[in-house]
Each structure stands twice: as structure tokens, then as C-alpha cells.
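Novice: sequence plus predicted model, see below.
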Amino acid sequence: MQKKYLLDTCIWRDFYEARKGAGGKALGKYAAGLFLDLVVRRSEVLVPEIVIWELKKDYPEDKVNNLISIAEELLSIRIVLASAEQTDEAERLSISRGLPFADCLIAVTARDNAAISVSNDRHLLECLADVVKTVLPQDAVRNAS
């Protein structure tokens with residue numbers, strides 16, 4: 001069965017900017033390795049509308065559209081729209097846990113689509129672990145088989 005992955009906004013940013021994290025951690029390299037692995041394995045990648053919205057807050061719309069278009073040429077991409085129920089649940093989680101709404105919506109969307117959530121964000125890795133299991137990009141590459 002083909003695995004589905006939902007990449008948090010930070011993974012797209014890490015890839016696009018070739019970012020480095022604390023202590024020089026090669027976040028961009030991990031993201032690029034993940035993308036390459038997903039291409040080779042022909043995995044399905046879910047892109048929630050909230051991820052596109054977050055990217056467009058930081059980058060010009062044409063750059064985001066170009067990034068998604070290139071990804072669509074290489075990957076099996078599916079844009080995912082949140083349902084009213086998912087939005088309501090994410091809002092409740094955000095308020096009750098004091099977490100960003102977008103992180104909560106990403107967690108709920110990954111869970112409801114039976115996708116592997118991939119992120120470097122502590123909110124997804126730790127604070128929302130009871131909603132969806134989230135893995136680091138370097139672990140997703142290692143454990144994708």
C-alpha cells in the first residue's frame with residue numbers, strides 16, 4: 001500500500017530556503033532528502049490549504065505557486081481542503097492547549113487522511129502527539145520502507 005505523507009509548512013520552508021537549525025543542523029538537507037525519497041518511492045503527498053496559506057504569508061504568491069507546481073511534476077500531490085468538522089476540532093484544540101490553529105489543523109488533517117505527519121515543529125512532535133504521530137524528516141526517510 002502506498003504511504004501518504006503530510007508535510008508541515010516548516011518542511012517546505014526548510015527545503016525552499018535550505019535552512020539550518022540550532023547548532024547548524026541541516027534542516028534543508030533533511031527536507032531535500034525527504035523530497036527525493038518521496039519522489040523515488042512515488043509516495044502521495046498531501047498539501048493542506050493551510051500550508052499553502054502559511055507559505056503565502058512569507059513568500060510571494062508566484063513563488064509558492066511555482067514551488068507547488070514543480071512538486072506536482074515530481075510527486076503525487078493532493079491539495080486537501082479542511083472540512084468544517086476538522087476546522088472546529090482544530091479550533092478547540094488550539095484554544096484548549098494554547099497552540100497555533102494551523103498546527104492543530106495540520107494534525108487533524110493528517111490523522112483524518114491516514115497520512116504520516118512530517119515536521120520539525122515541537123507542537124506537532126510533542127504537544128499534538130495524541131492527535132497524530134509526527135516524525136522528523138530524517139526519520140521519515142529512514143523508516144519509509
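Specialist: That came through, no problem.

Novice: ok, now which ones touch Gln2?
Specialist: Contacts here follow C-beta atoms under 8 Å, 6 or more residues apart in numbering; on that basis Gln2 touches Arg42, Ser43, Glu44. (Glycine included, C-beta is placed from N, CA and C.)

Novice: now the residues you listed: which count as buried?
Specialist: Among the contacts of Gln2, those scoring as buried are Ser43, Glu44 (criterion: 16 or more other C-beta atoms under 10 Å).

Novice: mind listing the helices for the chain?
Specialist: Using DSSP state H, the helices found in the chain span residues 9-17, 27-41, 49-58, 61-74, 84-97, 101-112, 122, 137-142.

Novice: the third one to helix 84-97, inter-axis angle?
Specialist: So the one you mean is helix 49-58. When axes from the mean of the first three to the mean of the last three C-alpha atoms, to 10 degrees is applied, the directions of helix 49-58 and helix 84-97 differ by 60 degrees.

Novice: how far off centre is helix 49-58?
Specialist: For helix 49-58, the distance from its own C-alpha centre to the chain's C-alpha centre is 11 Å (C-alpha atoms, centre = their mean, to the nearest Å).
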